[in-house]
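Visitor: The following block contains a protein sequence and its predicted model.
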Amino acid sequence: MSFFKIFDVAGSALNAQTVRLNTMSSNLANAETASATAEGAYRARHPVFASVMASTGDMADPGNVGVRVAGVVESQAEVRVEYRPDHPLADEKGYVFLSNVNTMEEMADMISASRSYQTNVEVINTAKQLMLRTLELGK
């Protein structure tokens with residue numbers, strides 16, 4: 001594997017973690033939104049990642065090139081139903097449908113994504129420093 005591919009792999013991981021953080025931010029922003037129907041209630045979204053392989057034909061270089069976002073899926077968990085007869089979106093029985101976002105789970109996932117992002121930045125910085133030190137060997 002080429003030493004420069006490290007930047008491709010880490011860069012794709014940074015992109016994936018950015019999508020993950022943005023998705024979680026959207027989930028947290030909509031955590032307490034209400035709807036008059038279960039179908040209209042906000043459902044948590046989660047990105048799906050897939051590894052990207054480049055076929056080079058060389059067994060010594062499998063061609064790993066990182067990760068990509070395969071898509072974003074909605075959670076199939078049930079939405080929350082609360083009795084709030086004074087709410088303007090309450091149905092005829094007085095119930096309001098709230099999003100299925102679990103804020104504690106989202107915050108824990110956000111910490112994990114942030115740490116993954118930081119780790120990939122460190123990978124890029126370390127690779128850069130190693131390249132610079134390698135160039136200094138000839139001095």
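Guide: Cool, got the structure. Residues are numbered from 1 along each chain as shown.
Visitor: all contacts plus neighbour counts: C-alpha atoms, from now on.
Guide: Fine.
Visitor: center of the protein - which residue?
Guide: Arg20 (1.4 Å; C-alpha atoms, centre = their mean).
Visitor: ok, and that residue, which helix or strand is that part of?
Guide: Per DSSP states H and E: Arg20 is located in helix 5-29.
Visitor: Show me what that helix is in contact with.
Guide: Contacts to helix 5-29, defined as C-alpha atoms under 8 Å, 6 or more residues apart in numbering, come from residues 44-47, 49, 64-69, 101, 103, 106, 109-110, 113-114, 116-117, 120-121, 123-124, 127.
Visitor: Give me the buried entries from those.
Guide: Buried members of these, counted by 16 or more other C-alpha atoms under 10 Å: 44-47, 49, 64-69, 101, 106, 110, 113-114, 116-117, 120-121, 123-124, 127.
Visitor: Which helix runs longest in this structure?
Guide: Secondary structure of the chain per DSSP state H: the longest helix is helix 103-136.
Visitor: what angle separates it from helix 5-29?
Guide: 160 degrees (axes from the mean of the first three to the mean of the last three C-alpha atoms, to 10 degrees).
Visitor: What is helix 103-136 packed up against?
Guide: Judged by 3 or more C-alpha pairs under 8 Å, 6 or more residues apart in numbering; DSSP states H and E, the packing partners of helix 103-136 are helix 5-29.
Visitor: can you tell me the average pLDDT over the helix it packs on?
Guide: For helix 5-29, mean pLDDT is 94.
Visitor: Pull out the buried residues from that helix.
Guide: 6-14, 16-17, 19-21, 23-24, 27-28.
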